[in-house]
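can you look at this prediction? I've put the sequence above it.
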Amino acid sequence: MTDVPRESRLRVRPYALTGGRVRSSIELPLETIVRVTPRAETSTSDLASEHRRICKICVDPSSIAEVSAHLKLPLGVVRVLVGDMVTEGFLETNATAMAPDADPRPDLRLLERVLDGLQAL
C-alpha cells in the first residue's frame, strides 16, 4: 500500500462517514441537482469536514454524481450524506426547490427535442 499516493487513500472508511447506513432517508437519483441553502452559508462551522466540503462544492448547483466525483467517495455514501443535509436544511435539491403543486414530469417539448436529437445521431 506504500505505492498508493497518500492523498488518494481514504482516512475514514465510508461506512463510518454514514454511521453504517447504506440508504439515504430521501430518494436521490445521481442526476439530482443540489445547492446550499442560506442556513448552510451562515452555519457551516458546526458541520463535519465532509459536510463542509459538500457545502463548498454545492455553492454552485451540482449533481449528486459530481459531488461524489469531487469528494472521491462512493455514490451511495454521498447520497446518505447529502440526504442528511437536505433533511437538516443545509442543502436543497431540485425536487425540494420545486413548488408543491408543480408537475414533476419533464416538459413534453423537451422530451421531443431530445428524441429528435438522438434520432439525428
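Everything's here; your move.

just the helices from the chain, written as ranges.
Using DSSP state H, the helices of the chain run over 14-17, 38-42, 49-57, 64-71, 75-87, 94-97, 108-120.

could you dump those helices to TSV with mean neighbour count, distance to residue 28 and mean pLDDT?
Glycine gets a C-beta too; all of them are placed from N, C-alpha and C. Putting those into TSV (neighbours: other Cβ atoms under 10 Å; distance: least, Cβ to Cβ, whole Å; pLDDT from 0 to 100) gives the following:
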stretch	mean neighbour count	distance to residue 28	mean pLDDT
helix 14-17	15	16	64
helix 38-42	13	17	82
helix 49-57	17	12	89
helix 64-71	18	5	92
helix 75-87	21	5	89
helix 94-97	14	9	62
helix 108-120	9	22	84
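
residue 31: which of those is closest?
Each of the helices of the chain has some distance to residue 31 by Cβ to Cβ; the shortest is helix 64-71, at 6.9 Å.

give me the angle between the closest one and helix 75-87.
Inter-element angle recorded for helix 64-71 and helix 75-87: 110 degrees (by axes from the mean of the first three to the mean of the last three Cα atoms, to 10 degrees).

tilt between helix 64-71 and helix 49-57?
Helix 64-71 runs at 120 degrees relative to helix 49-57, counting by the same axes, to 10 degrees.
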